[in-house]
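Participant: sequence first, predicted coordinates after that:
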Amino acid sequence: MSESAASGVRGMSVASAFAGMRSVTPVVFRAGCPDCRGRFELTASALRLAIGATSRTTFYSFTCPECGASVRKPAGERVVELLTGGGVSTLRLHSTG
C-alpha cells in the first residue's frame, strides 16, 4: 500500500466511512405451525435454539404468531448452522450428572 493511500484512510471519519452503507435487511426464517398449519416468517428474535449433547436433544422453538401454540422442532446440523448464522439466540444444554 502506498503512503498516500494509507494516509487517506487515517483521515477518514466514521461518518464518511459508513456514508455509503444502506440499512441491513433483518434475516427472516420461514416456519410452520403443526397445530394450525399456518405458514409465516419469523425474525431471529422470535426463535430460540437449544443445542444438546445429541441430535435428539437439539431443537429450535417459537410461539406461533397465528394461534399462540408453543412449537418445538428438531434441529439438524444444517438448521443449527443457519439459525446461529442468522443471529438466533442459542442455549447449550448439558447434563448435571
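Facilitator: It's in. Note that the coordinates shown come from a computational prediction; the quantities given were computed from them, not determined experimentally.
Participant: what's the neighbour count on residue 35?
Facilitator: Applying other Cβ atoms under 10 Å, we find 13 residues neighbouring residue 35. (Glycine included, C-beta is placed from N, CA and C.)
Participant: what backbone torsions are found at the residue lying closest to it once chain neighbours are set aside?
Facilitator: In this structure, residue 35 finds its nearest non-sequential neighbour in residue 69, 4.2 Å apart by Cβ to Cβ, 6 or more residues apart in numbering. The main-chain torsion angles of residue 69 are listed as degrees, to the nearest 10 and equal phi -70, psi 150.
Participant: so residue 69 sits against residue 32, correct?
Facilitator: No. Using Cβ atoms under 8 Å, residue 69 is not in contact with residue 32; the gap is 11.2 Å.
Participant: distance of the nearest residue to residue 56 once chain neighbours are set aside from residue 15?
Facilitator: Counting by Cβ to Cβ, 6+ apart, residue 74 is the residue found nearest to residue 56 once chain neighbours are left out, at 7.7 Å. Look at residue 74 and residue 15: by Cβ to Cβ, to the nearest Å, they are 46 Å apart.
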